[in-house]
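Student: generate coordinates for the sequence data below:
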Amino acid sequence: MFRKRMLSALFSGLAVLATVLFTSAPGFAGQATLSWNAPTTNTNGSSLTNLSGYKVYYGTTSKTYTNTLDVGKVTSYTISSLPDGYTYYFAVTAYNSSGTESAYSNEASKALAAADTTGPVISGAYSTGVTADSATISWVTDESADSQVEYGTSASYGSSTTLDTAMSTSHSQTLSGLTASTLYNYRIMSRDAAGNLTTSGNYTFTTAAPADTTAPIISNVQATNITATSATVTWTTDEAATTQIEYGTGGSYSNATTLDSTMVTIHSAGITGLSGFTSYDFRIKSTDASGNTAESTGTFKTSNVGPVISAFSASSTTGMAPLKVVFTSTATDSDGTISKYEWDFDGDGVYDQDTGTVASVSYTYQNVGTYNARLRITDNGGATAESDFVTVSVESATNKPPIIVNILATVTQSGSSATVKYEVSASDPNGVIIQFQWDFDGNGTVDATTTTSPAQYTYSAAGTYNPVVTVTDDQGATAKGMTTVEISGTTVTAVEESASSTPSAKGGCFIATAAYGSYLEPEVMVLRNFRDTVLLTNTAGRAFVSFYYKTSPPIAGVISRHEVLRGAVRVMLTPVVYSIKHPDLALYLLMSIGVGAVVFIKLNRRRV
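Tutor: Coordinates of the predicted model:
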């Protein structure tokens, strides 16, 4: 104790500086370097001339030093192989050539951290940006570390990226030169600053297929559901693609359907607003997911809108054989032209004549019968339309005699003589009138023969004359008509059957004569007698007869030329003639009908 105090007095100026250097040696991973200032005097102030060296004391407890090192005559010394994980305390002493040692210098300390033997923790590993020939591997570590990836087509790997020595916690490595559509294995390696290496487990990714530069293959193109205004086009592709059609006429594609971007392999697109019986060009367009577009062209023709027959008529629907009839038609075609008119004259379903584009035809019926004529038209697209039937009735070729409707007498007085002009209104049902024979005085001798009417005759002697005219048609049939002329002195009275004459008991009944064919028919005689004995005996009756004579001649002319009208008039006149012939029975029937009507009305009222 005394010695040490003495030595302390011998040395002064000793101070210790400590630094720590870390190494990676297992077990003893730390070291401490101590530096101090050499003393120059003794504690008594005298010069220190016999300094021989220094000793270093150290331990893990302050002021308690369990280790001593004689380091010689140096002022700096490194202590190595210090176990990590402790705080070390250091002090230095000096000794002279006599072996006298100074007291401890001031104490220095250094804490050595425990050695890092744990590798970084790798997490969040994933592949991204995978293409046909490259991929990027990303991951994170819980401490700064370097970056490297091993990879290959099996778990043996075989390839690796260049080591990135930059210390980071976020890592990314790009793999290049890969093969398309291939499964790759990879693992991650990261080493921390302490040299601890962590290798991840095995991960995989598959490279993308080679870039698609091939357009879809279009097949099975069909145009279906074709109408006059629309059509549907269908097709298939060998890969999913979009759907659209461009279309137009004359090789153009000026219109297009709305693009359907749904990716499908079975395609269908409807086209509307088309014109009938028209050829259309279309172009299919289908684009795959890689933007490759395929096209395919085709054509279709819209349906033909059939022609329309708006009128089909015949110039005559009744007549005597041979009967010539002219058939005419009015027809239209909205999307083309009418190219053929075919005529079925007898209604047997066989079209007898084709007049091409001519809408009329003439046909002569030679035989008696009823025929249902029909027309069929065809347009330039082959569409057809048939008309309704027109019925033609052909009657027997037996000649029917002419019909004299009335005789008009016009009187001219000249002195003691009277000139009468006779005009005959007559017709022939199935021919023409070619001759008029005149017996002006009614004595049975033909006084004149003409081919036309009127004829004129001068009476010079008083008397009552019953002139007779005989008309002959082109087949030799005849008809006679008679009127009465009374001549007394210089006064001539003509009983005329004309629209302008005064009614008399000697006149004819125009409509009845036209219907029955002769003024001598019993029914005509009944009506004439009724006129003479009833109608002409009173003012109202005479007014009716006068009106009838003014209006009936042209009506009678029409009736005489049509057999159907003649028959219809006969049917209407039959009850009139019957009532005139049997007035009592007619009155009884009329009363019976009236009583029956009253009873019927009363019964209905009771039911209500």
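
Student: contact partners for the nearest residue to Ile434 once chain neighbours are set aside?
Tutor: Taking Cβ to Cβ, 6 or more residues apart in numbering, and ignoring the residues beside it in sequence, Ile434 has Asp474 as its nearest neighbour in space, at 5.2 Å. Backbone N, C-alpha and C define where each C-beta goes, glycine included. For Asp474, the residues meeting the contact criterion (Cβ atoms under 8 Å, 6 or more residues apart in numbering) are 428, 431-434.

Student: and these, which are buried?
Tutor: When burial is judged by neighbour count using 16 or more other Cβ atoms under 10 Å, the buried members of those are 428, 431, 433.

Student: among these, which one lies nearest to His582?
Tutor: Minimum separation from His582 among those (Cβ to Cβ) is found for Asp428, which lies at 34.8 Å.

Student: what sits against that closest one?
Tutor: Asp428 makes contact with 400-403, 473-474, 477 under the criterion Cβ under 8 Å, 6+ apart.

Student: what about the buried ones among the contacts of Asp474, which are in helices?
Tutor: For those, not one is inside helices, with DSSP state H as the criterion.

Student: so among the residues you listed, where is pLDDT lowest?
Tutor: Least confident entry in these, by pLDDT: Gly431, with 77.

Student: ok, now how distant is it from Thr249?
Tutor: 61 Å (Cβ to Cβ, to the nearest Å).

Student: coming back round to it: farthest pair within the contacts of Asp428?
Tutor: Within the contacts of Asp428, two members stand farthest from each other by Cβ to Cβ: Ile403 and Asp474, at 14.7 Å.

Student: Thr328 and Ser313 touch, don't they?
Tutor: Yes. Thr328 sits in contact with Ser313 when judged by Cβ atoms under 8 Å, with a separation of 5.7 Å.

Student: okay, now the unreliable bits of this structure?
Tutor: In the predicted model of the chain, residues 1-29, 397, 415, 488-509, 518-520, 549-550, 561, 584-608 satisfy pLDDT under 70.

Student: helices of that one, residue ranges please.
Tutor: Here the chain has its helices, by DSSP H, at 2-10, 510-516, 522-533, 539-560, 563-581, 583-607.

Student: elements contacting the fourth one?
Tutor: Under the contact criterion of 3 or more Cβ pairs under 8 Å, 6 or more residues apart in numbering; DSSP states H and E, the helices and strands touching helix 539-560 comprise strand 403-414, strand 417-427, helix 510-516, helix 563-581.

Student: quick one, what contacts the nearest residue to Tyr457 once chain neighbours are set aside?
Tutor: Leaving aside its chain neighbours, Tyr457 sits nearest to Phe440 (4.0 Å; criterion: Cβ to Cβ, 6+ apart). Each residue near Phe440 by Cβ under 8 Å, 6+ apart is listed here: 420, 422, 447-448, 457, 459, 465, 467.

Student: filter those residues to the buried ones?
Tutor: Neighbour-count burial (16+ other Cβ under 10 Å) is assigned, among those, to 420, 422, 457, 459, 465, 467.

Student: quick check: closest non-adjacent residue to the last one.
Tutor: What that stands for is Pro467. Nearest non-adjacent residue to Pro467 (Cβ to Cβ, 6+ apart): Phe440, at 4.8 Å.

Student: distance of that neighbour relative to Val485?
Tutor: With distances defined as Cβ to Cβ, the gap from Phe440 to Val485 amounts to 9 Å.

Student: could you pull out the residues contacting both of those two?
Tutor: Overlap of the contact sets of Phe440 and Val485 (by Cβ under 8 Å, 6+ apart) consists of 420, 459, 465, 467.

Student: okay, those residues in TSV with distance to Asp281 next?
Tutor: Written out in TSV, the entries for the shared contacts of Phe440 and Val485 read as follows (distance: Cβ to Cβ, whole Å):
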residue	distance to Asp281
Val420	87
Tyr459	93
Tyr465	92
Pro467	87
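
Student: which of the residues you listed fall in strands?
Tutor: Filtering these for membership in strands, criterion DSSP state E, returns 420, 459, 465.

Student: and Thr182, how many residues sit next to it?
Tutor: 13 (other Cβ atoms under 10 Å).

Student: can I assume it is in contact with Ala209?
Tutor: No. With contacts defined as Cβ under 8 Å, Thr182 does not count as touching Ala209, sitting 10.2 Å away.

Student: rewinding a little: what's the most buried one of the helices and strands packed on helix 539-560?
Tutor: helix 510-516 (a mean of 25; mean count of other Cβ atoms under 10 Å).

Student: counting by contacts, list what that helix packs against.
Tutor: strand 403-414, helix 522-533, helix 539-560, helix 563-581.

Student: what's the closest of the ones you listed to Lys285?
Tutor: Checking these against Lys285 by Cβ to Cβ gives helix 563-581 as the closest, at 69.3 Å.

Student: which other residues reach that closest one?
Tutor: 318, 393, 395, 429, 511-512, 514-517, 523, 526-527, 530, 558-560, 586.

Student: are any of those residues buried, and which?
Tutor: The neighbour count (16+ other Cβ under 10 Å) marks 318, 393, 395, 429, 511-512, 514-517, 523, 526-527, 530, 559-560 as buried among the contacts of helix 563-581.

Student: which one of these sits closest to Glu150?
Tutor: Of all the buried ones among the contacts of helix 563-581, the one sitting nearest Glu150 is Ser393; the distance, using Cβ to Cβ, is 110.2 Å.

Student: correct me, but that closest one touches Thr318?
Tutor: Yes. With contacts defined as Cβ under 8 Å, Ser393 counts as touching Thr318 at a distance of 4.6 Å.

Student: ok, and the closest non-adjacent residue to the most centrally placed residue in the chain?
Tutor: Among the residues of the chain, the one closest to the centroid is Thr272, at 3.8 Å (Cα atoms, centre = their mean). Leaving out its chain neighbours, the residue that sits closest to Thr272 by Cβ to Cβ, 6+ apart is Ser230, at 4.6 Å.
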